[in-house]
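Colleague: Next input, structure requested:
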Amino acid sequence: MLEVERFRVVGYVYATGCIVFSIIEGVAATNILMRNGCDVDSFTKLMMAALFLTFNIFLMIGISTANIANVVANTVFTIIFDFIITMNVITSVSIRMLNGEPIYRKREGAVALVLIALFLALSIGQLWILNGVRLYVKNRRRMLNIA
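Modeller: Here you go, the predicted structure:
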């Protein structure tokens with residue numbers, strides 16, 4: 001287990017990585033939208049990138065100013081997003097497997113289930129980092145005597 005003080009650095013690295021990824025996804029989606037016009041998938045990617053960018057900026061501000069509300073907002077967003085993605089993939093894989101698809105499609109479903117397991121492991125890692133950041137902010141607020 002990391003010391004609580006180290007989660008400040010881990011939180012900054014996590015938020016910076018998420019911000020960079022959001023910017024890259026946003027630029028890629030914008031390029032597709034500029035070339036192809038109104039593409040629903042690209043527009044959705046652009047909106048998700050904007051949401052991730054916003055909430056990870058909240059996280060950075062929360063760490064630097066010891067604002068627990070910003071950290072909690074990012075955590076809630078992460079939990080909701082991870083839940084929606086997991087349920088979406090599980091539902092689509094279940095429908096595919098129960099719909100009488102050919103056997104090679106069932107193998108694709110098995111691969112998708114392995115990817116779901118990896119995604120869940122990454123989600124648990126995210127929540128571990130965000131919980132550590134929350135503990136760091138609480139500890140910092142206590143040290144600064146902020147109510």
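
Colleague: Identify the residue nearest residue 82 in space, chain neighbours excluded?
Modeller: residue 123 (4.3 Å; C-beta to C-beta, 6 or more residues apart in numbering). Every C-beta, even on glycine, is put in place using the N, C-alpha and C of the backbone.

Colleague: Stretch 115-129: how far from the chain's middle?
Modeller: Stretch 115-129 has its C-alpha centroid displaced from the chain centroid by 9 Å (C-alpha atoms, centre = their mean, to the nearest Å).

Colleague: The lengthiest helix in the chain - contacts with which helices or strands?
Modeller: As assigned by DSSP state H, the longest helix anywhere in the chain is helix 103-144. The elements that helix 103-144 packs onto, with contact taken as 3 or more C-beta pairs under 8 Å, 6 or more residues apart in numbering; DSSP states H and E, are helix 6-36, helix 40-65, helix 68-98.

Colleague: roughly how far is it from the heart of the chain?
Modeller: Distance, centroid of helix 103-144 to centroid of chain: 8 Å (C-alpha atoms, centre = their mean).

Colleague: got the angle for that helix vs helix 68-98?
Modeller: 170 degrees (axes from the mean of the first three to the mean of the last three C-alpha atoms, to 10 degrees).

Colleague: Roughly how far does the spatially most central residue of the chain sit from residue 51?
Modeller: When C-alpha atoms, centre = their mean is applied to the chain, the residue found nearest the centroid is residue 78 (4.9 Å). Noted for residue 78: a distance of 11 Å to residue 51, by C-beta to C-beta, to the nearest Å.

Colleague: Many thanks, have a good one.
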